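Participant: coordinates for the following, if possible.
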Amino acid sequence: MAVKKNLKEIIRDEYKRCSQDPVHFMRKYCIIQHPTKGKMYFNLYPFQEDTLQDLKEHRYNIILKSRQLGISTLSAGYALWCMIFKSDYNVLVIATKQDVAKNLVTKVRVMHDNLPSWLKGKTMEDNKLSLRFKNGSQIKAISSKGDAGRSEALSLLVIDEAAFVDRIDEIWTAAQQTLATGGGAIMLSTPNGTGNLFHKTWTQAEAGGQFNPIKLHWTVHPERDEAWRTLQTELLGEKAAAQECDCDFISSGHTVVDGPIIQWYEQTYIEDPKEKRGFDGNYWIWDYPNYSNSYVVVADVARGDGGDYSAFHVLDIKTMHQVAEYKGKIGTTEYGNMLVAVATEWNNALLVIENANIGWAVLQVAIDKGYENLYYSYKQDAYVDEDVHLRKGYDLKNKSQKVPGFSTTSKTRPLIISKLETYFREKSPIVKSRRLVDELYVFIWNGSRAEAQRGYNDDLVMAVGMALGVRDTALRLHQQGVDLSRKALGHFGKTEGVYTNSSERPKEWQWKSGDQENDDLTWLL
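Facilitator: Down below sits the predicted model:
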């Protein structure tokens, strides 16, 4: 005959079971606020149960997810479970904005407020941004900033929408020491392009890194089907729907060159260079000069703050074939000498050097060395179209209306970006550099400005953008030179010249001197 348990024993057993099984704890006792159904018990789907077990078993978890799968709510429930059943458990929530982080704390508060009294922790502090229990456990919400979490001794760091958090690299670096004593982390987000910390961490996790990867495609939700997915495209647009639903890094984000096109380049052309030259081995060469071809060398010069690189590309003007590239940290004098040597090697290539800031020091080296095929910009920087350059006499010796180098200004920069996007969309350039492709993945639209994501460089991207912009002018000038040469040669073939077998002398070789008859000057010949 079974012994009937009293209420105290039943509560003790149930408390013990909840402390061991977060799935049971949430299913039976946690109430959530559903956006359309109001308050309801958190009836976990199978994929949510599996995720919860992963959170329990692994110290570091990264969750690549579709939208509206309840993973933020699940993370809140896991945090509450840890806070109740562990002493001095410190949870920090970081999100894109303080209000977003505060929402997760609110989810914890709602669940806690609706627990039976025997499960509740005794509250010592309760406000919009934090909740603290008598057992020393607490949860706090803060916005993203570089030193977020630096002074906290953390048991669990939750970074919500991690792919969109500003300065996440700095935040993660700052938090490392606070997690060193055994704390864990949950990074969760929909994708936001490639190259950012969330993408890199996910890639490393898939390769066996310290994070446990959890991928939650929209199809894991039992109530979603193709009709739902089609509706998302209608509501959000194709690109946004891919980002929000498909867990696809390549299709998401706001790269200037579309992600699938960058991926196509990566799969089609990227290859190791035939040779690596230079004192640092960073001058990469995929081809060698063909002396019947014309080339352009386009250089971006480091600002000198130590955070960026000097970079140049060598492109075949006609075919837009990348034949060489450099990216490294080098002094201005050495860089100027290197550019002149490289341009000379590549058939006295058109040498284009950005003239902003420290670029003048590099340009001066090329000028002092007397390099003749140096690119000049018009002082009136509106003249950026190749037709205007030709009409204004770009290739004339008189450069009084020009300045040496390429002027990157508020007027020319958008045109560089436009050339870059257009040429790559049409898949016209042939680029082989892994370094350039990596920069393209993190070269994004930040509002209306195209630039590298925070913490990354765009030196090679800007150099190739200048190269593609200048290339049109260089190609037209080359053709103009060919046409002029043909015209001159054609005229020469039709002219009798000063030598003639005629008995009559050309009148231009006669000179009237005073009252004398015209003197014959052919003796001068």
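
Participant: which residues in the stretch 1-150 of the chain form helices?
Facilitator: 7-20, 22-29, 46-57, 71-85, 98-113 (DSSP state H, counting those that start in this stretch).

Participant: what's the closest of those to residue 417?
Facilitator: helix 98-113 (30.8 Å; C-beta to C-beta). The way it works is simple: take the backbone N, C-alpha and C, and place the C-beta from them, glycine included.

Participant: for the closest one, the distance to its chain's centre please.
Facilitator: 33 Å (C-alpha atoms, centre = their mean, to the nearest Å).

Participant: quick one: residues contacting the spatially most central residue of the chain.
Facilitator: Residue closest to the average C-alpha location in the chain (C-alpha atoms, centre = their mean): residue 442, at 0.8 Å. By C-beta atoms under 8 Å, 6 or more residues apart in numbering, the contact set of residue 442 is 193-196, 255, 452-453, 456, 458.

Participant: what's the local residue count around residue 110?
Facilitator: Number of residues near residue 110 (other C-beta atoms under 10 Å) recorded here: 17.

Participant: got a pLDDT number for the closest residue to it other than its chain neighbours?
Facilitator: The spatial neighbour of residue 110 that comes closest, neighbours along the chain excluded (C-beta to C-beta, 6 or more residues apart in numbering), is residue 33 at 5.8 Å. pLDDT, residue 33: 86.

Participant: measure residue 197 to residue 172 for me?
Facilitator: 6 Å (C-beta to C-beta, to the nearest Å).

Participant: how much space is there between residue 70 and residue 286?
Facilitator: Following C-beta to C-beta, the distance that separates residue 70 from residue 286 is 50 Å.

Participant: residue 324 too?
Facilitator: Going from residue 324 to residue 286 by C-beta to C-beta gives 7 Å.

Participant: which of those two has more residues huddled nearby?
Facilitator: Between residue 324 and residue 286, residue 324 has the larger neighbour count (other C-beta under 10 Å), namely 26 against 20.

Participant: could you look up the SS state of the more buried one?
Facilitator: On the three-state scheme (DSSP: H, G, I helix; E, B strand; the rest coil), residue 324 is labelled strand.

Participant: list the contacts for the nearest residue to it once chain neighbours are set aside?
Facilitator: Distances taken as C-beta to C-beta, 6+ apart put residue 314 closest to residue 324, at 3.9 Å, once the chain neighbours are dropped. Counting by C-beta under 8 Å, 6+ apart, residue 314 touches 295-297, 322-325, 342, 346, 349.

Participant: before we move on, which element is residue 314 in?
Facilitator: strand 310-316 (DSSP states H and E).

Participant: sheet partners, orientation included, of that strand?
Facilitator: strand 295-300 (antiparallel), strand 322-328 (antiparallel) (DSSP bridges).

Participant: right, so these: which one is the most enclosed?
Facilitator: Greatest average neighbour count among the strands paired with strand 310-316 goes to strand 295-300 (a mean of 28), per mean count of other C-beta atoms under 10 Å.

Participant: give me the contact list for that one.
Facilitator: 289, 310-317, 323, 335, 339, 342-343, 346-347, 349-354, 362, 406, 459-460, 462-464, 466-467, 470-471, 474.

Participant: please flag which of the residues you listed sit within strands.
Facilitator: 310-316, 323, 350-353 (DSSP state E).

Participant: that older thread, what subset of the contacts of strand 295-300 is buried?
Facilitator: 289, 310-317, 323, 335, 339, 342-343, 346, 349-354, 362, 406, 459-460, 462-464, 466-467, 470-471, 474 (16 or more other C-beta atoms under 10 Å).

Participant: most surrounded residue in the contacts of residue 442?
Facilitator: residue 196 (27 neighbours).

Participant: tell me the contacts of that residue?
Facilitator: 163, 168, 442, 453.

Participant: and the pLDDT at the first one?
Facilitator: On pLDDT, residue 163 comes in at 89.
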